[in-house]
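S.K.: sequence and computational prediction follow.
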Amino acid sequence: MGSLRRTAITDTLRTTCAVLAAWVYAAACAQAQPLFSSSTLPGLSPANPVPVLQREPSQPLRYRMIVLAGDGCAGLPPPLARSLASLPHAQLLVLYKPGVDPLAGPGSCAPGFTQRDSLSRWQESARAALRADARAQTGSTPVPQLLVGVAEGINLLPGLAAEVPRLAGLVLLQGSGLDPLEAGVLQAQRSGQLAAWQALDEAQHSDAPDSSEVQGRSLRYWRDLWRWHTARPLAESEWPILQLWGDADAQVPAAAYLRFAERAAGRSAPLCTRHITGDVQGLQQLGLWLERWAQAPSSGLCQATAP
(Lines give C-alpha, C1' and ligand atoms only; values in the text may rest on other atoms or scores of the structure.)
Protein backbone atom coordinates (compact mmCIF):
# COMPACT_ATOMS: atom_id res chain seq x y z
CA MET A 1 0.00 0.00 0.00
CA GLY A 2 2.85 2.39 0.81
CA SER A 3 4.38 1.76 -2.60
CA LEU A 4 1.08 2.37 -4.36
CA ARG A 5 0.56 5.60 -2.44
CA ARG A 6 4.06 6.86 -3.30
CA THR A 7 3.40 6.03 -6.95
CA ALA A 8 0.12 7.97 -6.92
CA ILE A 9 1.78 10.96 -5.28
CA THR A 10 4.62 10.81 -7.80
CA ASP A 11 2.18 10.71 -10.72
CA THR A 12 0.29 13.70 -9.28
CA LEU A 13 3.49 15.68 -8.89
CA ARG A 14 4.54 14.84 -12.44
CA THR A 15 1.18 15.97 -13.78
CA THR A 16 1.33 19.21 -11.82
CA CYS A 17 4.89 19.89 -12.97
CA ALA A 18 3.94 19.20 -16.58
CA VAL A 19 1.02 21.61 -16.39
CA LEU A 20 3.21 24.26 -14.74
CA ALA A 21 5.95 23.83 -17.35
CA ALA A 22 3.44 24.18 -20.18
CA TRP A 23 1.99 27.28 -18.50
CA VAL A 24 5.39 28.95 -18.10
CA TYR A 25 6.37 28.12 -21.68
CA ALA A 26 3.11 29.47 -23.09
CA ALA A 27 3.33 32.60 -20.96
CA ALA A 28 6.82 33.29 -22.28
CA CYS A 29 5.64 32.83 -25.86
CA ALA A 30 2.71 35.19 -25.25
CA GLN A 31 5.15 37.93 -24.31
CA ALA A 32 6.86 37.66 -27.72
CA GLN A 33 3.82 37.86 -30.01
CA PRO A 34 0.48 39.67 -30.19
CA LEU A 35 -1.92 38.28 -27.64
CA PHE A 36 -4.99 38.17 -29.89
CA SER A 37 -6.23 38.72 -33.41
CA SER A 38 -9.26 40.98 -33.83
CA SER A 39 -12.39 40.40 -35.85
CA THR A 40 -16.17 40.82 -35.60
CA LEU A 41 -19.22 38.59 -35.35
CA PRO A 42 -22.78 39.52 -36.38
CA GLY A 43 -24.68 41.58 -33.82
CA LEU A 44 -28.15 43.07 -33.76
CA SER A 45 -27.63 44.66 -37.18
CA PRO A 46 -24.95 44.86 -39.88
CA ALA A 47 -24.15 48.37 -38.65
CA ASN A 48 -23.49 47.10 -35.11
CA PRO A 49 -21.29 43.99 -35.25
CA VAL A 50 -19.81 42.50 -32.09
CA PRO A 51 -16.04 43.10 -31.82
CA VAL A 52 -14.13 39.98 -30.82
CA LEU A 53 -10.60 38.95 -29.97
CA GLN A 54 -9.47 35.45 -30.82
CA ARG A 55 -6.49 33.27 -30.03
CA GLU A 56 -5.56 29.77 -31.10
CA PRO A 57 -3.94 27.38 -28.62
CA SER A 58 -0.15 27.01 -28.68
CA GLN A 59 -0.53 23.28 -27.97
CA PRO A 60 -3.15 20.69 -29.01
CA LEU A 61 -6.69 21.97 -28.53
CA ARG A 62 -8.50 20.63 -25.46
CA TYR A 63 -11.18 23.26 -24.76
CA ARG A 64 -12.66 26.60 -25.79
CA MET A 65 -13.26 29.63 -23.60
CA ILE A 66 -15.83 32.22 -24.59
CA VAL A 67 -15.38 35.39 -22.55
CA LEU A 68 -17.93 38.17 -22.08
CA ALA A 69 -15.71 41.19 -21.44
CA GLY A 70 -16.20 43.68 -18.62
CA ASP A 71 -17.73 47.07 -17.97
CA GLY A 72 -18.35 49.85 -20.44
CA CYS A 73 -15.38 50.59 -22.65
CA ALA A 74 -12.91 48.93 -20.31
CA GLY A 75 -12.98 45.39 -21.67
CA LEU A 76 -10.45 42.96 -20.21
CA PRO A 77 -7.87 44.25 -17.73
CA PRO A 78 -4.40 43.73 -19.30
CA PRO A 79 -3.21 41.25 -16.62
CA LEU A 80 -6.28 39.09 -17.18
CA ALA A 81 -5.91 39.30 -20.97
CA ARG A 82 -2.29 38.16 -20.73
CA SER A 83 -3.26 35.36 -18.37
CA LEU A 84 -5.99 34.02 -20.64
CA ALA A 85 -3.75 34.31 -23.70
CA SER A 86 -1.19 32.12 -21.97
CA LEU A 87 -3.49 29.10 -21.63
CA PRO A 88 -1.71 26.58 -23.87
CA HIS A 89 -4.63 24.25 -24.71
CA ALA A 90 -7.48 26.79 -24.94
CA GLN A 91 -8.99 28.39 -27.99
CA LEU A 92 -10.18 31.82 -26.87
CA LEU A 93 -13.03 33.99 -28.09
CA VAL A 94 -13.56 37.30 -26.27
CA LEU A 95 -16.76 39.23 -26.99
CA TYR A 96 -16.91 43.01 -26.54
CA LYS A 97 -19.80 45.42 -26.64
CA PRO A 98 -20.56 46.91 -30.07
CA GLY A 99 -18.76 50.22 -30.38
CA VAL A 100 -15.69 49.13 -28.39
CA ASP A 101 -12.30 48.85 -30.09
CA PRO A 102 -10.63 45.98 -28.19
CA LEU A 103 -7.17 46.88 -29.46
CA ALA A 104 -7.35 50.59 -28.69
CA GLY A 105 -7.12 50.32 -24.91
CA PRO A 106 -9.54 51.17 -22.10
CA GLY A 107 -12.03 53.95 -22.74
CA SER A 108 -11.81 53.75 -26.54
CA CYS A 109 -15.42 53.71 -27.63
CA ALA A 110 -17.19 54.94 -30.73
CA PRO A 111 -19.17 58.21 -30.58
CA GLY A 112 -22.63 57.59 -29.22
CA PHE A 113 -21.61 54.49 -27.31
CA THR A 114 -23.03 55.78 -24.02
CA GLN A 115 -26.46 56.26 -25.56
CA ARG A 116 -26.52 52.71 -26.96
CA ASP A 117 -25.07 50.94 -23.93
CA SER A 118 -27.37 48.77 -21.79
CA LEU A 119 -27.38 45.25 -20.41
CA SER A 120 -30.36 44.27 -22.57
CA ARG A 121 -28.71 45.47 -25.76
CA TRP A 122 -25.40 43.88 -24.84
CA GLN A 123 -27.08 40.55 -24.11
CA GLU A 124 -28.97 40.42 -27.40
CA SER A 125 -25.87 41.48 -29.34
CA ALA A 126 -23.87 38.74 -27.63
CA ARG A 127 -26.64 36.22 -28.32
CA ALA A 128 -26.45 36.94 -32.04
CA ALA A 129 -22.66 36.61 -31.93
CA LEU A 130 -22.77 33.32 -30.03
CA ARG A 131 -25.23 31.84 -32.52
CA ALA A 132 -22.96 32.89 -35.38
CA ASP A 133 -19.99 31.34 -33.58
CA ALA A 134 -21.88 28.08 -33.04
CA ARG A 135 -22.66 27.92 -36.76
CA ALA A 136 -19.02 28.59 -37.62
CA GLN A 137 -17.90 25.79 -35.30
CA THR A 138 -20.03 23.18 -37.09
CA GLY A 139 -17.71 20.43 -38.24
CA SER A 140 -14.85 21.48 -35.97
CA THR A 141 -13.32 19.26 -33.32
CA PRO A 142 -15.96 18.90 -30.58
CA VAL A 143 -14.37 20.07 -27.35
CA PRO A 144 -15.93 21.26 -24.08
CA GLN A 145 -16.56 24.98 -23.75
CA LEU A 146 -16.51 27.35 -20.80
CA LEU A 147 -18.52 30.57 -20.74
CA VAL A 148 -16.72 33.22 -18.71
CA GLY A 149 -18.28 36.42 -17.40
CA VAL A 150 -15.97 39.26 -16.40
CA ALA A 151 -17.47 41.96 -14.15
CA GLU A 152 -20.60 43.22 -15.95
CA GLY A 153 -20.44 40.22 -18.27
CA ILE A 154 -21.49 37.96 -15.38
CA ASN A 155 -25.01 39.41 -15.60
CA LEU A 156 -25.34 37.92 -19.09
CA LEU A 157 -24.37 34.35 -18.20
CA PRO A 158 -27.83 32.97 -17.25
CA GLY A 159 -29.44 34.31 -20.41
CA LEU A 160 -26.71 33.18 -22.79
CA ALA A 161 -25.55 29.82 -21.43
CA ALA A 162 -28.02 27.87 -23.54
CA GLU A 163 -26.48 29.37 -26.70
CA VAL A 164 -23.14 27.59 -26.12
CA PRO A 165 -22.94 23.97 -27.35
CA ARG A 166 -21.09 21.45 -25.16
CA LEU A 167 -21.06 23.91 -22.29
CA ALA A 168 -19.07 22.44 -19.40
CA GLY A 169 -19.50 25.28 -16.93
CA LEU A 170 -19.71 28.97 -16.10
CA VAL A 171 -16.77 30.96 -14.73
CA LEU A 172 -17.32 34.18 -12.75
CA LEU A 173 -14.47 36.69 -12.57
CA GLN A 174 -14.50 40.12 -10.91
CA GLY A 175 -18.16 39.94 -9.93
CA SER A 176 -20.31 38.45 -7.21
CA GLY A 177 -23.27 36.99 -9.09
CA LEU A 178 -25.75 39.11 -7.15
CA ASP A 179 -28.30 41.29 -8.91
CA PRO A 180 -26.42 44.43 -9.99
CA LEU A 181 -28.65 46.65 -7.87
CA GLU A 182 -27.91 44.71 -4.69
CA ALA A 183 -24.21 44.48 -5.48
CA GLY A 184 -24.14 48.22 -6.15
CA VAL A 185 -25.65 49.03 -2.78
CA LEU A 186 -23.07 46.89 -0.98
CA GLN A 187 -20.23 48.55 -2.86
CA ALA A 188 -21.63 52.04 -2.20
CA GLN A 189 -21.82 51.26 1.50
CA ARG A 190 -18.25 49.98 1.57
CA SER A 191 -16.84 52.93 -0.37
CA GLY A 192 -18.80 55.63 1.46
CA GLN A 193 -20.75 56.55 -1.69
CA LEU A 194 -24.23 55.63 -0.50
CA ALA A 195 -25.51 59.20 -0.94
CA ALA A 196 -24.38 59.20 -4.59
CA TRP A 197 -26.05 55.83 -5.11
CA GLN A 198 -29.29 57.10 -3.60
CA ALA A 199 -29.16 60.13 -5.92
CA LEU A 200 -28.75 57.76 -8.83
CA ASP A 201 -31.76 55.80 -7.62
CA GLU A 202 -33.83 58.98 -7.58
CA ALA A 203 -32.66 59.90 -11.09
CA GLN A 204 -33.61 56.55 -12.61
CA HIS A 205 -37.04 56.79 -10.96
CA SER A 206 -37.59 60.32 -12.30
CA ASP A 207 -39.44 61.41 -15.43
CA ALA A 208 -36.19 62.38 -17.17
CA PRO A 209 -35.79 60.85 -20.64
CA ASP A 210 -33.74 57.69 -21.12
CA SER A 211 -31.19 59.70 -23.07
CA SER A 212 -30.25 61.80 -20.01
CA GLU A 213 -26.76 61.02 -18.77
CA VAL A 214 -25.97 60.56 -15.08
CA GLN A 215 -22.59 59.52 -13.71
CA GLY A 216 -21.27 58.73 -17.17
CA ARG A 217 -24.14 56.48 -18.24
CA SER A 218 -27.54 57.06 -19.78
CA LEU A 219 -30.67 56.66 -17.70
CA ARG A 220 -31.59 53.91 -20.14
CA TYR A 221 -28.55 52.00 -18.88
CA TRP A 222 -29.32 52.64 -15.21
CA ARG A 223 -33.01 51.77 -15.52
CA ASP A 224 -32.12 48.53 -17.25
CA LEU A 225 -29.57 47.69 -14.56
CA TRP A 226 -31.99 48.50 -11.73
CA ARG A 227 -34.42 45.85 -12.97
CA TRP A 228 -31.89 43.21 -13.99
CA HIS A 229 -31.92 39.84 -12.22
CA THR A 230 -28.79 37.74 -12.05
CA ALA A 231 -28.60 35.89 -8.73
CA ARG A 232 -31.68 33.69 -8.92
CA PRO A 233 -31.37 32.56 -12.56
CA LEU A 234 -27.65 31.98 -12.03
CA ALA A 235 -28.23 29.93 -8.88
CA GLU A 236 -30.99 27.92 -10.59
CA SER A 237 -29.01 27.27 -13.77
CA GLU A 238 -28.08 23.68 -14.65
CA TRP A 239 -24.38 24.26 -15.27
CA PRO A 240 -21.45 24.01 -12.83
CA ILE A 241 -20.17 27.37 -11.60
CA LEU A 242 -16.60 28.29 -10.73
CA GLN A 243 -16.38 31.65 -8.97
CA LEU A 244 -13.07 33.33 -8.16
CA TRP A 245 -12.69 36.27 -5.82
CA GLY A 246 -10.12 38.04 -3.70
CA ASP A 247 -10.06 40.40 -0.75
CA ALA A 248 -8.19 42.99 -2.81
CA ASP A 249 -11.10 43.49 -5.24
CA ALA A 250 -11.68 47.25 -5.29
CA GLN A 251 -15.05 47.04 -7.06
CA VAL A 252 -16.80 44.17 -5.30
CA PRO A 253 -16.89 43.77 -1.49
CA ALA A 254 -16.27 40.36 0.04
CA ALA A 255 -19.77 40.50 1.54
CA ALA A 256 -21.26 40.34 -1.96
CA TYR A 257 -19.35 37.18 -2.86
CA LEU A 258 -20.27 35.53 0.42
CA ARG A 259 -23.94 36.48 0.07
CA PHE A 260 -24.20 34.93 -3.38
CA ALA A 261 -22.44 31.76 -2.23
CA GLU A 262 -24.95 31.41 0.62
CA ARG A 263 -27.94 31.83 -1.69
CA ALA A 264 -26.62 29.41 -4.28
CA ALA A 265 -25.46 26.79 -1.79
CA GLY A 266 -28.46 24.53 -2.35
CA ARG A 267 -28.35 24.51 -6.15
CA SER A 268 -28.47 21.15 -7.92
CA ALA A 269 -25.36 21.75 -10.06
CA PRO A 270 -21.93 22.17 -8.43
CA LEU A 271 -20.83 25.58 -7.17
CA CYS A 272 -17.22 26.12 -6.16
CA THR A 273 -15.92 29.45 -4.90
CA ARG A 274 -12.17 29.87 -4.85
CA HIS A 275 -10.30 32.63 -3.08
CA ILE A 276 -7.25 33.91 -4.96
CA THR A 277 -4.83 36.78 -4.51
CA GLY A 278 -5.56 39.81 -6.64
CA ASP A 279 -2.21 39.81 -8.42
CA VAL A 280 -0.42 37.95 -11.19
CA GLN A 281 0.08 34.96 -8.92
CA GLY A 282 -3.67 34.59 -8.49
CA LEU A 283 -4.22 34.70 -12.25
CA GLN A 284 -1.53 32.08 -12.74
CA GLN A 285 -3.37 29.88 -10.26
CA LEU A 286 -6.51 30.24 -12.36
CA GLY A 287 -4.57 29.14 -15.41
CA LEU A 288 -3.17 26.10 -13.64
CA TRP A 289 -6.65 25.10 -12.51
CA LEU A 290 -8.16 25.41 -15.97
CA GLU A 291 -5.36 23.45 -17.60
CA ARG A 292 -5.69 20.74 -14.94
CA TRP A 293 -9.43 20.57 -15.63
CA ALA A 294 -8.77 20.33 -19.39
CA GLN A 295 -6.81 17.11 -18.85
CA ALA A 296 -9.97 15.39 -17.57
CA PRO A 297 -13.05 17.61 -18.13
CA SER A 298 -15.40 14.87 -16.98
CA SER A 299 -14.02 15.25 -13.44
CA GLY A 300 -15.67 18.68 -13.22
CA LEU A 301 -14.48 22.18 -12.50
CA CYS A 302 -14.83 21.88 -8.75
CA GLN A 303 -12.65 18.80 -8.44
CA ALA A 304 -9.99 20.26 -10.75
CA THR A 305 -9.82 23.47 -8.71
CA ALA A 306 -9.94 21.88 -5.27
CA PRO A 307 -7.27 23.30 -2.93
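M.R.: It's in. Numbering: from 1, shown residues only.
S.K.: pop the domain breakdown of the protein in here.
M.R.: 2-179+231-304, 181-227 (automatic domain parsing).
S.K.: need the pLDDT of Ser45.
M.R.: Each residue has a pLDDT score; the one for Ser45 is 91.
S.K.: nearest spatial neighbour of Ser212, skipping sequence neighbours?
M.R.: Leu219 (4.8 Å; C-beta to C-beta, 6 or more residues apart in numbering). Glycine gets a C-beta too; all of them are placed from N, C-alpha and C.
S.K.: quick one: residues contacting Gln174.
M.R.: Gln174 makes contacts with 70, 77, 80, 150-151, 154, 249, 251-252, as judged by C-beta atoms under 8 Å, 6 or more residues apart in numbering.
S.K.: if I look at it, how far off is Ser212?
M.R.: According to C-beta to C-beta, to the nearest Å, Gln174 and Ser212 sit 28 Å apart.
S.K.: number of nearby residues for the nearest residue to Gly70 once chain neighbours are set aside?
M.R.: The shortest distance from Gly70 to any non-neighbouring residue, by C-beta to C-beta, 6+ apart, is to Ala151 (3.7 Å). Ala151 has 22 neighbours, counted by other C-beta atoms under 10 Å.
S.K.: do I have it right that Leu146 meets Leu172?
M.R.: No. Applying C-beta atoms under 8 Å as the test, Leu146 and Leu172 come out as separate, 11.1 Å apart.
S.K.: mind listing the shared neighbours of the two?
M.R.: By C-beta under 8 Å, 6+ apart, no residue touches both Leu146 and Leu172.
S.K.: all the strands of the stretch 51-200 of the chain, residue numbers only.
M.R.: 63-68, 90-95, 145-150, 167-173 (DSSP state E, counting those that start in this stretch).
S.K.: any buried residues in stretch 229-248, and which?
M.R.: 230-231, 234-235, 237, 239-246 (16 or more other C-beta atoms under 10 Å).
S.K.: out of these, who's nearest Arg292?
M.R.: Leu242 (12.1 Å; C-beta to C-beta).
S.K.: quick check on Cys302: phi, psi?
M.R.: phi -70, psi -40 (degrees, to the nearest 10).
S.K.: for the residue lying closest to it once chain neighbours are set aside, give me phi and psi.
M.R.: Using C-beta to C-beta, 6+ apart and skipping the chain neighbours, the partner closest in space to Cys302 is Cys272 (3.8 Å). Phi and psi for Cys272, reported as degrees, to the nearest 10, are phi -130, psi 120.
S.K.: bridging residues for Cys272?
M.R.: Leu242 (DSSP bridges).
S.K.: in this structure, which spans are helices?
M.R.: All helices of the chain, identified by DSSP state H, fall at 2-31, 78-85, 113-116, 119-136, 157-160, 180-191, 194-205, 219-226, 231-235, 254-263, 280-295, 301-304.
S.K.: name the helices or strands packed onto the last one?
M.R.: Using 3 or more C-beta pairs under 8 Å, 6 or more residues apart in numbering; DSSP states H and E as the contact criterion, the elements in contact with helix 301-304 are strand 167-173, strand 241-245, strand 271-275, helix 280-295.
S.K.: Gly159: which of those is closest?
M.R.: strand 167-173 (11.7 Å).
S.K.: contacts for the closest one, please.
M.R.: 63, 65, 80, 144-151, 154, 157, 161, 234, 237, 239-244, 297, 300-301.
S.K.: returning to that earlier point: would you mind finding the most buried of the helices of the chain?
M.R.: Among these, ranked by average contacts under mean count of other C-beta atoms under 10 Å, first place goes to helix 157-160 (a mean of 22).
S.K.: would you check that the residue nearest to Cys302 makes contact with Leu242?
M.R.: Yes. If you go by C-beta under 8 Å, Cys272 and Leu242 touch, sitting 5.5 Å apart.
S.K.: shared neighbours of those two, anything?
M.R.: Joint contacts of Cys272 and Leu242 (C-beta under 8 Å, 6+ apart) are 301-302, 305.
S.K.: make JSON lines out of those residues and add distance to Arg259.
M.R.: Below are those laid out as JSON lines (distance: C-beta to C-beta, whole Å):
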{"residue": "Leu301", "distance to Arg259": "21"}
{"residue": "Cys302", "distance to Arg259": "20"}
{"residue": "Thr305", "distance to Arg259": "21"}
